[in-house]
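> generate a structure from the sequence data that follows.
(3 chains)
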Amino acid sequence: MSSALDPGHPALDTAAALDPTAAADPVGWTPYRRFDARRLARFLLRRPGLVLSVLVIGAVFAASFAPGLFTSRDPLAGTPAQAFRAPGAGHWFGTDELGRDLYARVVHGTALSLQATLIALGVAFAVGGLLGLLAGFAGRWIDDVLMRCVDVMLSIPALFLSLALVTALGYGTVKVALAVGVASVAAFARVMRAEVMRVRQAVFVEAARSSGARWYSVLGRHVLPNAIGPVLVLATLEFGTAILSVSSLSFLGYGAAPPAPEWGSLISNGRNYLANAWWMTALPGLTIVATVLAANRIARALDGEWARQR
Amino acid sequence: MGRTWSALTVPGALVVAVGLVAGCGDGGSGAGASGTPRSGGTLTFAVGSDAACVDPQQVGSNDTIYSVRQLVDSLTDQDPATGRIVPWLAQRWEVSKDARTYTFHLRQGVTFSDGTPLTADVVKANFDAVPKLGVLGLLAKGYLNGYEGTTVVDPLTARVRFKSPNAQFLQATATHSLGIESAASVRKTPEQRCAQGIVGSGPFVLAKYAVNQSITLTRRKGYAWGSSLWKKQGEAYLDRLAFKVLPESGVRTGGLQSGQVDAIGSVGRADEAALKASGAQLLARANPGVVFGITFNNARFKDERVRQAISLAVNRRQVAETVFPAGTRPATSVLAHTTPGYTDLGPLLALDQARARSLLDSAGWTAGSDGVRTKGGAKLAVTVKWFANAATNRPSLELVQQQLKAVGVQVELKEQQIAQLAQIQASGDFDALWGNITRADPDILRSSYSTRLANIYKIPPSGLDTVLDEQAAATDDAARRRLVGQAQREVVQRAYVVPVVELQTELGVAKKVHDLRFDASSRIQLHDTWIG
Amino acid sequence: MRRYVLRRLAQAAGVLWAAYTVSFLVLNRLPSDPVTAMAGVGADQAGVDPAQVARLRAEYGFDRPVLAQYADYLGRALRGDFGDSVATGRSVTSTIGDALPQTLLLAGTAMLLAVAAGGGLALAATYTSRRWLRQALLSLPPLGVSVPAFWAGLMLVEVFSFRLRLFPAFGNEGLRGLVLPALTLAIPTGAIIAQVLAKSLLTALDEPYVATARAKGAGRARIHLRHVLRNASLPALAVIGVLVGQLMANSVVVETVFSRNGLGRVTASAVSTQDLPVVQGVVVFGAFVFVTANLAVDLVYPLLDPRIVVAGDRRWSLA
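I've put the predicted structure just below:
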């Protein structure tokens, strides 16, 4: 999911491609901004699409933690007599080859897909963030060495790197998530480093330093809180990309074993009946599209739009 | 013929052709045979998997047998309607009374596609090489069990000798596994033969093999020694056969519906209606041999009660009716009902959840909080390894998984590449395997379950071994039938394997394809096939 | 200028070496033993033959220290020898070489489609003065990057192959067979081109020279195409490396969906069968293409815009 490969960053596009430091619009130097409810309401009212996106992502998270809110059906137990029912009132998304309710499977699959996505993001965020922090804060040869490593990681197309890792680690949701996460460490390291270097030169950091504060206190109190924002924005951007990468790998058959209803595996299974049961492929796919679209829309709002709107 | 095994294969006992043909109804004996046959054209056949090997003697997966079968001729052929063994490369043969010596008189003028002639020496070289085949040659090696040697009586007469009676051998010579290859091919290592292909005398020759993608064959010029069962004399009708590997059944089905391919293998119930509606022909034939089922690694599942409970908890009828083509029978023995010597053990294989539960209770497996039974902290879980070489495998297993969950047995499914099958079997690294073996002879029981042979499934030695050996030596039909029945009962009662459903091969074939026929093992014969 | 070129070449070589090393480490430190997997084919029914395992171990050099193996492998890789495929026994170089033309054809066609569609969309969106049209056009690229390539391919197959029967659903034959896979592959790529180009077009439209040209009486279309597009396409060129990498990666998925022979399918099947030499060969090849594309951009860039030389340093790695 590193930007080197993936369907790009909808918001981080040009700017990021040319200059990572531009990736994050400085949200301002005041570390703590007072919450302004009216501004938020006005902001959202003008953007119905954004509101919808927030609702979609909210629903996805809700479904992964409490699938019971959305369906009472068992995603693993079907009634063979009701196989291949087209979508309708009884089964919103239709049924599969064993008569299992596809809607229930998509809802319950959310947990797996989201879990994999969050693990991937967590790995990329933690490892990449740490590398970037170290490189940006320590500077000199450490910076040089770490950034050369990052360059190398970026030079291997992310999916290929993920595939190599899957070959080495084996199949499974968590392993796929790890592979995707490791492949996108580099992007996080870059942004983190750029931010740390920018913040490090800011006046208040210099002031803290010259007043004799210890390095770790400078790092923890001043540098990290001010540099983390853009990295979090990157994480929201990468959220959509990570969902796509994880589902691609599980579509290729490297993800969860049957009957686990991971989104990519659902599509891959639906493909067996593509000619005669379109819903088994189309509807889980639309769920992915809606989730990624919503995540990207939110990321775009966080990255710039909100700050620009005054 | 001596009093050999073939007498058991009385008409009707061996083969039942199940007709499913849309608006055609010729009983599955072949695609519609109207019009005048004509030469030329390419048949594009989509299969689901590639065995990573193009040597007929080493291939056991139907998807690949369909193509490599066309490369070689066999000494004999077997009539799919009657089960009788008839001449092919051998014009006639004699079998000794003790079923230890088989003398084949070869046809004159047969050449391999490298120009070398078929002689008794070549036959000897083939049989001599079979025992040296690797794990992939398991089927062929099983057929030659107890092989002593071959004597070249004269250039066209070969005498095959066995140390002990081998009643099934004559039928085995009709299979693709003992198809005769050229002397040069036989000299190569098994790996080379797999990767580079072989030179045979069959109606088609290998033009190109792209691993996991396609196998392309072209017509053999000057072919004139077809099986006595074939309608056409001389060369085949078709110019080219293109077997494409399309792993998704949906793509295969769609490809046939939209006319991109002419025939597809392994049609499941899900696609039958749509294929019929699009005008394709559906050809179905029940495969003889060991039925589809879950075979345990018996070293890991030593408790007979657990194995029996699992067998009792499987609803075979549901699997057959949900997943497999219409007319497929649930397993009623470890052998399919079309196998000679089959014994109906249906009552032993009926669904009985209550008994399954009490067996598990008595074995000390108690229900856990999540519904899975545990004993001493360990979960009652079986990891079934399976292969995507048939569209029906995955849904069948998911259904069995559901059924076993009801009695507290957790089934995990692990998909493997079909090319890895031999390695998994050899290493013994499995809880249980899902699969079947097609063979029109009950000796397949011995190859599969005798602890004196490969014993892939780590079955403990028992009286079963003796019964299996005795049936192989039995020259009396009734005696052999009795022994085969006893062996089936033993295997089913001990639940070394959980028989689930009989395989019924169903092919989808475009309307324009004629005379595509099944052979006795439910694989296909394409010499007589034509497009018009 | 010459020093710049030499430095960039050296950098590219360094990155390739490192990519090789990374893939070597990842793949050869496997938890599972590659030799046991390989021995399966020839082993006897009694189990994996220990003699054969030892022979394979020696043949592939697995019995030697990691560092010695690495040096040996690297030496051979420098001569273009990446070993033999475990599954087929053919050399990795020829396996990749045979599959490459099909993938190049596919990716090239997709790139043309993506440039035409993405560029056209960006031009139309920035040219039009109708607000609703601009909004509608600009909402397409975000959609394009949110669609999983494999799913888009399946939907195209469902509609155009199975229902309308216009194009084949699989295979490499003919131009008609190229249409759907190239279209699938072009969707995410075109969406990125559209996004990047639209953004830089909008920026360029605000430049003073646009106002100057307008004051001089130049037509809108002329200004848009001659002045603005020319200036705006330079930054867009910088993402070519990203796009090439993306095309390669997506080809794995697209070739699987359309059962097309090519590098992508070789990769997918090598991963499934744990065919380490092939996986490594593909990873290194991917890095090679990516680095070469970026190198080309970096070398061409200064010719187009001499101011770039200094700023262009290391841009290739920003991706």
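
> for chain B, which residues are neighbours of chain A?
B:248-251, B:253-254, B:257, B:270-271, B:273-274, B:318, B:321-323, B:391, B:394-395, B:397-399, B:401-402, B:405, B:412-415 (Cβ under 8 Å from any Cβ of the partner chain). The way it works is simple: take the backbone N, C-alpha and C, and place the C-beta from them, glycine included.

> so of those, which ones are in strands?
Using DSSP state E, the subset of the residues of chain B next to chain A located in strands is B:412, B:413, B:414, B:415.

> just to check, the third one is in contact with residue B:386?
Just to be clear, that refers to residue B:414. Yes - under the criterion of Cβ atoms under 8 Å, residue B:414 makes contact with residue B:386 at 7.2 Å.

> filter the ones in strands among the residues of chain B next to chain A down to the buried ones, ChimeraX style.
Selection of buried members from these for ChimeraX, criterion 16 or more other Cβ atoms under 10 Å in any protein chain shown:
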select /B:413,415
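
> switch the ones in strands among the residues of chain B next to chain A over to a markdown table; also include pLDDT.
Shown next, in a markdown table, are those (pLDDT from 0 to 100):
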| residue | pLDDT |
| --- | --- |
| B:412 | 92 |
| B:413 | 91 |
| B:414 | 88 |
| B:415 | 85 |
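
> coming back round to it: which of the residues of chain B next to chain A are close to chain C?
Applying Cβ under 8 Å from any Cβ, the subset of the residues of chain B next to chain A adjacent to chain C comprises B:251, B:254, B:257.

> tell me the pLDDT at the last one?
For residue B:257, the pLDDT comes out at 88.

> was I right to think it contacts residue C:162?
Yes - if you go by Cβ under 8 Å, residue B:257 and residue C:162 touch, sitting 6.6 Å apart.

> between those two, which one's more packed in?
Remark: of residue B:257 and residue C:162, residue B:257 carries more neighbours, 26 against 22, as counted by other Cβ atoms under 10 Å in any protein chain shown.

> follow-up on the earlier one: go through the residues of chain B next to chain A and flag which are in helices.
B:249-251, B:253-254, B:257, B:270-271, B:273-274, B:318, B:321-323, B:394-395, B:397-399, B:401-402, B:405 (DSSP state H).

> ok, of those, which come out buried?
Among those, the ones that count as buried (16+ other Cβ under 10 Å) are B:249-251, B:253-254, B:257, B:270-271, B:274, B:318, B:321-323, B:394-395, B:397-399, B:401-402, B:405.

> show me where pLDDT drops low in the stretch 51-200 of chain C?
Low-confidence segments of the stretch 51-200 of chain C, defined by pLDDT under 70: C:51-57, C:59-63.

> in it, what residue comes closest to chain B?
Chain B sits closest to residue C:162 of the stretch 51-200 of chain C, with a gap of 4.3 Å, by Cβ to the nearest Cβ.

> so that residue, which state does it fall into?
helix (DSSP: H, G, I helix; E, B strand; the rest coil).

> who are the neighbours in contact with the residue of the stretch 1-150 of chain A found nearest chain B?
For the stretch 1-150 of chain A, the nearest residue to chain B under the criterion Cβ to the nearest Cβ is residue A:80, separated by 3.9 Å. Residue A:80 makes contact with A:98, A:99, B:318, B:321, B:322, B:399, according to Cβ atoms under 8 Å, 6 or more residues apart in numbering or on different chains.

> what about the closest residue in space to residue A:278 that isn't next to it in sequence, distance to residue A:279?
Excluding the flanking residues, the one nearest residue A:278 by Cβ to Cβ, 6 or more residues apart in numbering or on different chains is residue C:158, at 5.7 Å. According to Cβ to Cβ, to the nearest Å, residue C:158 and residue A:279 sit 11 Å apart.
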